[in-house]
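> after the sequence you'll find the predicted model.
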2 protein chains.
Amino acid sequence: MRYLDEEAIKDIALGAAVLGTGGGGDPYIGELMAIQAVKQHGPVKMIELEEVSDDALVVPIGMMGAPTVLFEKAPGKEEAKKAFELMETYLGKEIYATMPIEIGGVNSLLPVAIAARLGLPIVNADGMGRAFPELQQVTFYLDGITNSPLVMADERGNTSILQTINNLWSERIARSITVEMGGSATVAQYSVSGKQVKDSGIARSLTFAEGIGKIIRHRKKYKLHPIEEVLEFTGGHALFRGKVVDIDRKTTTGFARGVATIEGIEDDKGKNVNLHFQNEFLLAESDGQPVCITPDLICLLDHESGRPITTEGLRYGLRCVVIGIACDDKWRTEKGIETVGPGYFGYDMDYTPIEKLLEQGGEAR
Amino acid sequence: MRYLDEEAIKDIALGAAVLGTGGGGDPYIGELMAIQAVKQHGPVKMIELEEVSDDALVVPIGMMGAPTVLFEKAPGKEEAKKAFELMETYLGKEIYATMPIEIGGVNSLLPVAIAARLGLPIVNADGMGRAFPELQQVTFYLDGITNSPLVMADERGNTSILQTINNLWSERIARSITVEMGGSATVAQYSVSGKQVKDSGIARSLTFAEGIGKIIRHRKKYKLHPIEEVLEFTGGHALFRGKVVDIDRKTTTGFARGVATIEGIEDDKGKNVNLHFQNEFLLAESDGQPVCITPDLICLLDHESGRPITTEGLRYGLRCVVIGIACDDKWRTEKGIETVGPGYFGYDMDYTPIEKLLEQGGEAR
């Protein structure tokens, strides 16, 4: 157990933007919300999984919707409070703690802000170890845990409680509600017991993000280039160095989809990499050959500062480094690949782990 | 107080198809459901408004969605039960009785079936005095009554509880959920007190429908042609006699929209009437002149049998009589016309009561 203060929040925000693989919304919004909440209510108690009793009720909270909309429609404070109250009434049980459902962008820090405001502890864990666009794309789902009741709230005061027959139906119905709610909504779902988080969640996500963020924020205190330090800390791999030369972007039915083209520089001169995204970067390929495939993490970092570049932050001419980080082993199962592998997102290829792709291509540097 | 048996149900079904002004889904589905329920559980207790105590909880129930879908997707018995259970839990109060929210098509008899199955009485009233396509188009709304909590259930077992800031938001969000649920869903909404139904509902709708249905079903026992008898019973007006020569139909975003063209016969030879519908017939016009305008009722009856023709029953060559019936005075207020008048449905004209149009045109026969 420890307390998250402003410094920790800034580190987590930056690290979560890296782990958000371009998605999850601009982490700056989450950071602002969390800092404001901590200023008002004091630091947030963060507890480790070992400290959560098996029968405690843990309710993750986050935003659903297209990051491009989130950016203009910062989540207010009332929605989450309302969502939690509805959840407690519906379940007839008090919420013991909250947690991020994903460790990407605004959704990594929104629960910190809520925790501060409601005086709840936050659990040092998440349900993805990264960010994904759909509600069933959570490690809890792989173990058959329902995300019902799913409570949604918008900034006007509209709420909805869904109880569905499976998490794909939740995704489907909640997505269309999100569109009606103006493109984004606050969502409390995957109400789990302490035991379920321990068994099926991803441990220590907040401190993992914090470690990455700390390196980038305080890069001058480190020996190596921040990207090298990040690679060492995360066990990741530098895949490509270049500049953004094309961005093809569409916002449809609640998702930010598109492809960014990176033209190689330095050692990668003469080659291109295409980064395909649907809220998150999901596939990096060069000359039709995959370089990194979902669920492994594809992160785009500024080549100088090492700061993460989100899909909505993509600009022509940006110099950047594409890095790849192996995903949690939970995702590398048959159901994991079915849920978040390339086929699910419409890319016609098999999943190959990044370590294997690197061996095959000899691309690691 | 009296009991509704099979005969009463058949009469109500037919009469409600007339009052449904072409919409509300094929009443045969509601009839079948209600008869089956009554066979299993015995006749349904129907109570008059005067018999309902002011603080009793009355919850209307119905189906939402395009009639063309309803026709293929008959509502099951479990959804309504589930919706009522959720409503009771959410409100923390027992439901005393149910009622139809509209007296049109399947929605006039679905609550009869539910009442039989759940052992609840049904109130002899509704919230429209006819049928309308949208959730806020209910006389309760005109008096500022919310339709939240709005409970939805589909045949798979998915449910949703909406709590919105106003009934237009309920309509908007529930409509998109209906589309996701496959085009139709069971909806419990406008939970009202006995006092509220008395003040803001339409009294004696079920027996009004029953009276109309009885005439058409037992037409040989009556002196006049069934259409004449219906006009006398309802105070309606025969507007046009002809045959269907064109149907332009689209099913979009959960509604059955279109225009039917009726070519005049007998006294109306040489003239055409266009019937514009959005689930219900909303506007009858001839040579650009309105003949009957929503919220007044436009009913299409078979010229021989007097049986009602629904929008999905429209067929080329059908010989029919268009009749018009004055709507309840509640609809003829400023808020009423704003909610269900021609402007709301996109017809660029002012509302003129049918009596006035008849005076102007001298069209009554």
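Here it is on my side, so go on.

> so what pairs up with A:G62 in the strands?
On the basis of DSSP bridges, A:G62 is bridged to A:V187.

> next, count neighbours for it.
Per other Cβ atoms under 10 Å in any protein chain shown, the neighbour tally for A:G62 reads 32. Every C-beta, even on glycine, is put in place using the N, C-alpha and C of the backbone.

> residues touching it, list them.
Counting by Cβ atoms under 8 Å, 6 or more residues apart in numbering or on different chains, A:G62 makes contact with A:100-102, A:106-107, A:110-111, A:186-187.

> which pair of those spans the longest distance?
A:E102 and A:T186 (14.1 Å; Cβ to Cβ).

> A:S191 reaches A:V59, doesn't it?
Yes: A:S191 sits in contact with A:V59 when judged by Cβ atoms under 8 Å, with a separation of 4.8 Å.

> now the common contact residues for those two.
A:M87.

> is the longest strand along chain A in proximity to chain B?
Using DSSP state E to define each element, chain A has its longest strand at strand A:237-252. No: using Cβ under 8 Å from any Cβ of the partner chain, strand A:237-252 stays clear of chain B, with a minimum separation of 15.4 Å.

> enumerate the positions of the next helix or strand along the chain from that strand that are buried.
Remark: after strand A:237-252, the chain's next helix or strand is strand A:255-264, criterion DSSP states H and E. Neighbour-count burial for strand A:255-264, counted by 16 or more other Cβ atoms under 10 Å in any protein chain shown, picks out A:255-258, A:260, A:262-264.

> likewise for stretch A:352-362?
A:352-354, A:357-358.

> distance to chain B and pLDDT for those - can I get that in TSV?
Shown next, in TSV, are these (distance: Cβ to the nearest Cβ, whole Å; pLDDT from 0 to 100):
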residue	distance to chain B	pLDDT
A:T352	34	97
A:P353	35	98
A:I354	36	97
A:L357	37	96
A:L358	41	94
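
> what residues does the stretch 1-150 of chain A have near chain B?
A:L86.

> output the lowest mean pLDDT helix or strand found in chain A.
helix A:67-70 (a mean of 53; mean pLDDT, DSSP states H and E).

> tell me which helix or strand comes right after it.
helix A:78-91.

> that following helix vs helix B:78-91, what angle?
110 degrees (axes from the mean of the first three to the mean of the last three Cα atoms, to 10 degrees).

> quick one: contacts of helix A:78-91?
By Cβ under 8 Å, 6+ apart, helix A:78-91 touches A:57, A:59, A:61, A:94-95, A:98, A:110, A:113-114, A:117-118, A:149, A:151-155, A:157, A:159, A:161, A:185-188, A:191, B:163.

> before we move on, what about stretch A:307-315?
With Cβ under 8 Å, 6+ apart as the criterion, stretch A:307-315 contacts A:14, A:17-18, A:20, A:22-27, A:67-68, A:71, A:105, A:216, A:244, A:247, A:249, A:256, A:258, A:260, A:277, A:279-281, A:299-302, A:318, A:320.

> buried subset of these?
Applying 16+ other Cβ under 10 Å to those flags A:14, A:17-18, A:20, A:22-27, A:67-68, A:71, A:105, A:216, A:244, A:247, A:256, A:258, A:260, A:277, A:279-281, A:299-302, A:318, A:320 as buried.
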